[in-house]
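[1] Predicted model, plus sequence, below.
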Amino acid sequence: DVKVTQSSRYLVKRTGEKVFLECVQDMDHENMFWYRQDPGLGLRLIYFSYDVKMKEKGDIPEGYSVSREKKERFSLILESASTNQTSMYLCASSAPTGPNEKLFFGSGTQLSVL
Amino acid sequence: SQQGEEDPQALSIQEGENATMNCSYKTSINNLQWYRQNSGRGLVHLILIRSNEREKHSGRLRVTLDTSKKSSSLLITASRAADTASYFCATGGSYIPTFGRGTSLIVHP
């Protein structure tokens, strides 16, 4: 089975800190995604990547950046954390066998910015 | 932008009853997927239905797709307390799956 691992289950950071959220998948998937999930708003796409060193903005990229230096790893970076970035962050991956093939999700990182 | 919207937002039923939730979307799709999320966890893929399919089954799950109405429904038969979760539909005309806000299902024992 595909495994998508997010490095932290819970994270507490201070306003202004630089925050790294790490995601690793073990099935050689080309596509990787970062979503944030807030109550009443569902999942919103932050960034996605089709290949190593490639990235595309999603619906809400402001305040975030990403890095994909290796195929299996997709990192989300909060350059200067703010309280409105308190949220559940979900990483996902998929194989490029066709449009919208199913996503495999990590368990999520609940980030609190104080 | 959210393509799919689930309805109802919340559903509360007794164990053994059927649960039906709906998804409406706006633009043409290649396929539609349903996911489940237990509280505080990641999403798990349940079923994918392609645009040329009308109905699909997987265990106690039945999914229908009506492309003329741009809508889909997920039916869970003989629900169990363990089915308590949030359910999301995901759609997209390109590579990028977009999710609705989800239906929160509570199944009372």
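    Done, it's in.
[2] where does residue 24 fall, phi/psi-wise?
    I'll assume chain A. The phi/psi pair for residue A:24 (degrees, to the nearest 10) reads phi -130, psi 130.
[3] Check the gap between it and chain B for me.
    The span separating residue A:24 from chain B equals 14 Å under the rule Cβ to the nearest Cβ, to the nearest Å. Backbone N, C-alpha and C define where each C-beta goes, glycine included.
[4] Verify the stated contact: that residue with residue A:73.
    Yes. When contacts are counted by Cβ atoms under 8 Å, residue A:24 is listed as touching residue A:73 (5.2 Å).
[5] List the contacts of the residue most central in space within chain A.
    Geometric centre of chain A, nearest residue: residue A:34, 2.8 Å, by Cα atoms, centre = their mean. Applying Cβ atoms under 8 Å, 6 or more residues apart in numbering or on different chains to residue A:34 gives the contacts A:21, A:23, A:45-48, A:58, A:64, A:66, A:74, A:76, A:89-91.
[6] could you redo the last one with a cut-off of 6 Å?
    Taking Cβ atoms under 6 Å, 6 or more residues apart in numbering or on different chains as the criterion, residue A:34 is in contact with A:46-47, A:76, A:91.
[7] Let's see if you can find the most crowded of these.
    With neighbours set by other Cβ atoms under 10 Å in any protein chain shown, the maximum within those is found at residue A:91, which has 28 neighbours.
[8] what about residue 59, how many neighbours?
    Picking chain A for this. One way to gauge burial is a neighbour count; for residue A:59, by other Cβ under 10 Å, it gives 15.
[9] ah, no, chain B please
    Using other Cβ under 10 Å, residue B:59 has 9 neighbouring residues.
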